[in-house]
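Structure of the sequence below:
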Amino acid sequence: MRRVTIIGPAAAGKSTLARRLGDVTGIETFHLDELYWGPNCTPMPVDEWDALLGEIVARPEWIIDGNFTASLPARLERADTIVFVDLPRTVCLAAAVKRRLLFPLRRPPGMARCRPMFNLTFVRWIWLFQEDHRPHYLDLLRRPVPGRKVIMLRRRRDVRRFVAEVTARARR
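Reported below is the predicted structural model:
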């Protein structure tokens, strides 16, 4: 596990998982939301964004969390491990509400440099992820790539178990 891509619906815990895996493995972690969004929620210019992602993905080791569908094929192609945090929409929606209550004015770790979005568009994105994005992600993950491992985490318990397994392997 040297190049890890973590994908899944909003508020599924991708950034938290990436941070934990980075702490355990010592691999540098990149949060796409944090990199892409500048002050006042200003997006990075496309050419700069593409260059930055190209530089990161070319490295021998990385953990990257975030969806950003346009750049997903490049990350999947280089990843040796793909983690799909495929939690139910109700779990993600509850996590988004909790995050909003815990971080009403400041940003949570791994999030963009602006106040976390919480509006009808965001709630809709979470609720419709399974219909709008999940089928495409599953199609991408079904394509066989030699040496690539795909890990599906469907419950919080699966996430905790996965982190525990990675931690145990790192201590050996």
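
Where is the longest helix in this structure?
helix 156-171 (DSSP state H).

Give me the buried positions along that one.
159, 162, 163, 166 (16 or more other C-beta atoms under 10 Å). Where C-beta positions appear, they are placed from N, C-alpha and C, glycine not excepted.

Run through the residues that contact the second one.
Under the criterion of C-beta atoms under 8 Å, 6 or more residues apart in numbering, the contact list for residue 162 reads 17, 83, 151, 153.

so what pLDDT did it get?
Model confidence at residue 162, given as pLDDT, is 98.

how close does it sit to residue 133?
Taking C-beta to C-beta, to the nearest Å as the measure, residue 162 and residue 133 are separated by 21 Å.

and what of residue 155?
Taking C-beta to C-beta as the measure, residue 155 falls 19 Å from residue 133.

Between these two, which has more neighbouring residues?
Neighbours were counted for residue 155 and for residue 133 using other C-beta atoms under 10 Å; residue 133 has more, 17 against 12.

correct me, but the more buried one touches residue 67?
Yes. Under the criterion of C-beta atoms under 8 Å, residue 133 makes contact with residue 67 at 7.2 Å.

Beyond the worst-scoring helix or strand of the chain on mean pLDDT, next helix or strand please.
Averaged element by element with mean pLDDT, DSSP states H and E, the chain has its least confident helix or strand at helix 89-102 (a mean of 88). Sequence order places helix 120-132 as the next helix or strand after helix 89-102, per DSSP states H and E.

following that next one, which helix or strand shows up next?
Taking DSSP H and E, what comes next after helix 120-132 is helix 134-142.

quick one: residue 67 is in a strand?
No. Per DSSP: H, G, I helix; E, B strand; the rest coil, residue 67 lies outside any strand segment and is coil.

residues in contact with it?
7, 8, 32, 133.

Alright, that wraps it up for me.
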